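> could you look at this predicted model? Sequence included:
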Amino acid sequence: MEESKGSAWWDLLQSLVIAAVLALIIRSFLFTPFYIPSPSMEPTLYPGDRIIVNRLAYRLGEPQRGDVVVFRYPLDPSRDYIKRVVAVGGDTVEARNNVLYINGQPQPMASYLPPGIVYSDFGPIKVPPNSYFMLGDNRNNSADSRVWGTLDRKLIIGKAVLVFWPLNHIGLIR
């Protein structure tokens, strides 16, 4: 009888260790939860939102214009930031009269921007190879590439894919 009790505890301990190791592997290499602390990505993401970031996405491909990306802040890599990719390496980006231009072509006002947004002119800025120009969706309340420059590829953590909290805001991040 005592052998089966000891065996049951040993089985439970083994199961807990395996579950902890699997959770650590998944969190470190596949999907990681993040917390949104600021309004810089409104109306896409709100302060207090909890999201899932796909860490594998950019091991298999390159960030694309329009992707929402979590990365290490270039001026303090101990902090994580989230912004949208608006230009990739080789592009020239600028804003004039509230219109964003990529390689001299005006970009339509994106549906993810707050209605009636007005933001200041900047650029033109040539994005170096293996770098990205990042902007917050709430451009009047965002410290982004206009402030700290382009983002080096090696600072990217992953692609923001899903809001899982609060329940009334669950959905894919576009």
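Perfect, thanks for sending it.

> and the pLDDT for D144?
Per-residue pLDDT puts D144 at 96.

> likewise for E3?
57.

> buried sites along stretch 64-74?
Under the neighbour-count criterion of 16 or more other CB atoms under 10 Å, stretch 64-74 has 67-72, 74 buried. For glycine as for every other residue, the C-beta is placed from the backbone atoms N, C-alpha and C.

> now tabulate those in TSV and tack on pLDDT, secondary structure and distance to L135.
Output for the buried residues of stretch 64-74, formatted as TSV (pLDDT from 0 to 100; DSSP: H, G, I helix; E, B strand; the rest coil; distance: CB to CB, whole Å):
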residue	pLDDT	secondary structure	distance to L135
D67	97	coil	12
V68	97	strand	11
V69	98	strand	11
V70	98	strand	15
F71	98	strand	13
R72	97	strand	17
P74	97	coil	14
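
> of all those, which comes closest to P128?
Using CB to CB, P74 comes nearest to P128 of the buried residues of stretch 64-74, at 12.7 Å.

> what separation do you get for the closest one and R153?
Taking CB to CB, to the nearest Å as the measure, P74 falls 12 Å from R153.

> which of the buried residues of stretch 64-74 lies closest to R50?
Looking across the buried residues of stretch 64-74 and measuring by CB to CB, the closest to R50 is V70, at 12.4 Å.

> which residues touch the closest one?
Neighbour list for V70: 34, 53, 80-82, 156-160 [criterion: CB atoms under 8 Å, 6 or more residues apart in numbering].

> buried subset of those?
Burial by neighbour count, 16+ other CB under 10 Å: within the contacts of V70 this picks out 34, 53, 80-82, 156-160.

> closest one to E42 out of these, please.
For the buried ones among the contacts of V70, the residue nearest E42 by CB to CB is I82; the value is 11.8 Å.

> could you find the closest non-adjacent residue to the closest one?
Distances taken as CB to CB, 6 or more residues apart in numbering place V70 nearest to I82, at 4.9 Å, with adjacent residues excluded.

> do L113 as well
Once flanking residues are discounted, L113 sits nearest to D137: 6.0 Å by CB to CB, 6+ apart.
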